[in-house]
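A.B. asks: Got a sequence here, can you model it:
(2 chains, ligands or ions: 2)
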Amino acid sequence: MSALLEIQNITKRFGGLTAVDDLSFDVAEGEVLALLGPNGSGKTTMMNIISGALKPTEGRITLAGEQITGLPPHRVAAKGVARTFQLVKILPSLDVRENVIAALAFRRDALWGQEAQDEADRLLVNAGLSARGGEMVENLTYIDQKRVELARALASQPRLLLLDEWLAGLNPTELRVGIDLIAGLRDAGMTILLVEHVMEAVRALCNRCVVMNVGSKIADGDTDAVLNDPGVVRAYLGTADA
Amino acid sequence: MKLTYGIPAALAALVVLACAPLFVGPYWLGLLIGLAGYVTLASAWALFSGRTGYVSLATVAFFGIGAYTVAVLSEAMPYPVVLLVAAGIGLGVALLVGLATLRLEGVYFVVFSFGLAELVRQLVTWYETSINGTLGRYIFLDFGPEHIYWQLLALAVVTLLLTWWIGRSRLGLALKVIADDETVASHIGINIAWTKITLFAVSAVIMTLVGAIQSPRWTYVEPAIVFNPTVSFMTLIMALFGGAGRLWGPALGAIPLFLLFEWLSANFPDHYSILLGLLFIIIVFLLPRGVVGLFDDRFGTRRAEVQPAASGEGAGK
Ligand SMILES: Nc1ncnc2c1ncn2[C@@H]1O[C@H](COP(=O)(O)OP(=O)(O)OP(=O)(O)O)[C@@H](O)[C@H]1O
Ligand SMILES: [Mg+2]
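C.D. replies: Ligands and ions are numbered 1, 2, ... in the order given. Modelled structure (predicted):
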């Protein structure tokens, strides 16, 4: 497998704070990679840098060999990166179907009109929201809003999907459903980089993990090995102790 | 249901309005010209500001550019070409200004847009006095006021149709998404800057054409007349009064306010400015969401599909 995403020596400073410190790793085509780390270790910052929401202070990022470092989000999106947000972001003035159509209408191979309606409904069915297209997103439960966000991200036909704690805040039953949904995407060949605190999900979905602590990479490898690594355990426990 | 009655009613109203010059005297025709002008200006203003939250006071910059282009070129080229050139200049200025300034937020944009209008006026004044050696210009075009009226009426219709069409187009969807959440907008592939600039340019070209079409009314034109900042303020207040987020809002705001302003200036010429200022204050205080918003509250209709532009919030980063 070749690398779809290459993160090379990325550093991000906010004033005096170094949120990401010389971080490098690759995500292979078709791989589901977990980016782990205690709270405040820089995971969301790294996701923001990949999606173009933040510009790195140093380093470079390539997608399928092409530089995307520092491009604005709409251009990164056009190159095939879609994402969900740690704090779910829906479009409250639009209904569920329109939330998805919004992404269909502005992707490279844009859809509009009846085609967009049909494709949106198909994506909503896949996300477990059949027949909910006409509802206002604000009235949906938390997990259903997350489903809308996922359907919207998939509507962009991404080559790389970024999920920032998409499974956080779900109850055990919902978690099962959520894991199955992502597993379905993995089996269909989607390349996914996910940030997750739910270790059950990480074990079920990822062969490989990268672990960050205070902005730096402290582990990178096979999921079981990484999760049993004494350094990783200490980093997680360390924050719990503090 | 609304549409089935709405379209024939609108067409009937349009026919009546188009025939009006055949029946009314010069005073009323003058009034209709002013009315058509402000309905168009307010609708064009709302097309941009009502949908993006950028409160613009640059209306008269474009209006004046249109008027001055006609004054300078009307004898050198055929009239339709002059209109095209005016629209082209308005477009050029709008793109330049848009690229430079749409990153300004809220009050900074308001001040900038006001400054732009003053800057254009000073530039034209300087050019006329220093380079050209005159201050004013005469416009001689051999068509009557009814032709000006028909052109403005057509422009008003085009503006409303364009607003309606944009509301249902991908551009309209982009604007709604941007109003909801700019982060989501950019991450699903929307070029926020260009979406706003496109709308600003469309709005500016319409304003330029209003100035160009109206200019022969004056016969004599000078910068202080065509770049009068009151035009910007009146346009803004009319659009806000009617409801800037709605298709018909600005038109419904422009009609009563224009007639009121006319009545005030005819009956209280000495105190007109004071009364105008008072009216502005009252409207901003009492009707932050416009009269259409008032109807929505009363009858519980669904919230405006786009954010009304009562404040500079939602302006881009
Ligand atoms: N825009 C910003 N300006 C200043 N500091 C920031 C900004 N964004 C993040 N930070 C800081 O950078 C560090 C990393 O934050 P980040 O959100 O990336 O952590 P995280 O790993 O996603 O944490 P969590 O697991 O809690 O989501 C934190 O100390 C945070 O306060
Ligand atoms: Mg985070």
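
A.B. asks: Give me the nearest residue to residue 156, chain neighbours excluded.
C.D. replies: All of this refers to chain A. Excluding its sequence neighbours, the residue lying closest to residue A:156 (C-beta to C-beta, 6 or more residues apart in numbering or on different chains) is residue A:82, at 4.1 Å. Where C-beta positions appear, they are placed from N, C-alpha and C, glycine not excepted.

A.B. asks: Wait, chain B was what I had in mind.
C.D. replies: According to C-beta to C-beta, 6+ apart, the nearest residue to residue B:156 is residue B:40 (4.5 Å).

A.B. asks: For the helix or strand in which the one you found is found, what does the pLDDT average out to?
C.D. replies: Using DSSP states H and E, residue B:40 falls within helix B:26-52. Mean pLDDT, helix B:26-52: 93.

A.B. asks: cool, and stretch B:285-292?
C.D. replies: On average, stretch B:285-292 scores 63.

A.B. asks: again, but for stretch B:235-243
C.D. replies: Mean predicted lDDT for stretch B:235-243 stands at 88.

A.B. asks: next one: that stretch to chain centre, how far?
C.D. replies: Remark: stretch B:235-243 is offset 10 Å from the chain centroid, using C-alpha atoms, centre = their mean, to the nearest Å.

A.B. asks: cool, stretch B:218-230 as well?
C.D. replies: 16 Å.

A.B. asks: Could you give the number of residues near residue A:131?
C.D. replies: Counted with other C-beta atoms under 10 Å in any protein chain shown, residues neighbouring residue A:131 total 9.

A.B. asks: Tell me the secondary structure of it, please.
C.D. replies: coil (DSSP: H, G, I helix; E, B strand; the rest coil).

A.B. asks: Who are the contact partners of it?
C.D. replies: Applying C-beta atoms under 8 Å, 6 or more residues apart in numbering or on different chains, we find residue A:131 in contact with no residue.

A.B. asks: In terms of pLDDT, where does it sit?
C.D. replies: Value for residue A:131, per-residue pLDDT: 86.

A.B. asks: circling back to that earlier point, any idea how far residue B:153 is from the residue nearest to residue B:156?
C.D. replies: Going from residue B:40 to residue B:153 by C-beta to C-beta, to the nearest Å gives 9 Å.

A.B. asks: According to the record, where do the domains of chain A fall?
C.D. replies: A:1-80+A:158-242, A:92-157 (automatic domain parsing).

A.B. asks: tell me the contacts of the residue of chain A positioned farthest from its centre?
C.D. replies: The C-alpha centroid of chain A is most remote from residue A:114, which lies 29.1 Å away (C-alpha atoms, centre = their mean). Neighbouring residues of residue A:114 by C-beta under 8 Å, 6+ apart: there are none.

A.B. asks: Please identify the helix or strand for the residue in the stretch 151-300 of chain B that ligand 1 sits nearest to.
C.D. replies: Residue nearest to ligand 1 within the stretch 151-300 of chain B: residue B:183 (12.3 Å; C-beta to the nearest ligand atom). Using DSSP H and E, the element containing residue B:183 is helix B:182-187.

A.B. asks: next one: that helix to chain centre, how far?
C.D. replies: Worked out by C-alpha atoms, centre = their mean, helix B:182-187 lies 29 Å from the chain centre.

A.B. asks: Check which element follows it along the chain.
C.D. replies: helix B:192-214.

A.B. asks: before we move on, back to that, reformat the domains of chain A as CSV; add distance to residue B:123.
C.D. replies: Below are these laid out as CSV (distance: least, C-beta to C-beta, whole Å):
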stretch, distance to residue B:123
domain A:1-80+A:158-242, 33
domain A:92-157, 38
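
A.B. asks: Can you say which of these is nearest to ligand 2?
C.D. replies: Among those, the nearest to ligand 2 by C-beta to the ion is domain A:1-80+A:158-242 (3.1 Å).

A.B. asks: so where does the residue nearest to residue B:256 when sequence neighbours are not counted fall, helix or strand?
C.D. replies: With C-beta to C-beta, 6+ apart as the criterion, residue B:256 has its nearest non-adjacent residue at 7.9 Å, and that residue is residue B:241. Assessed by DSSP H and E, residue B:241 sits inside helix B:230-242.

A.B. asks: Now do that helix: distance to the chain's middle.
C.D. replies: With C-alpha atoms, centre = their mean, you get 8 Å for helix B:230-242.
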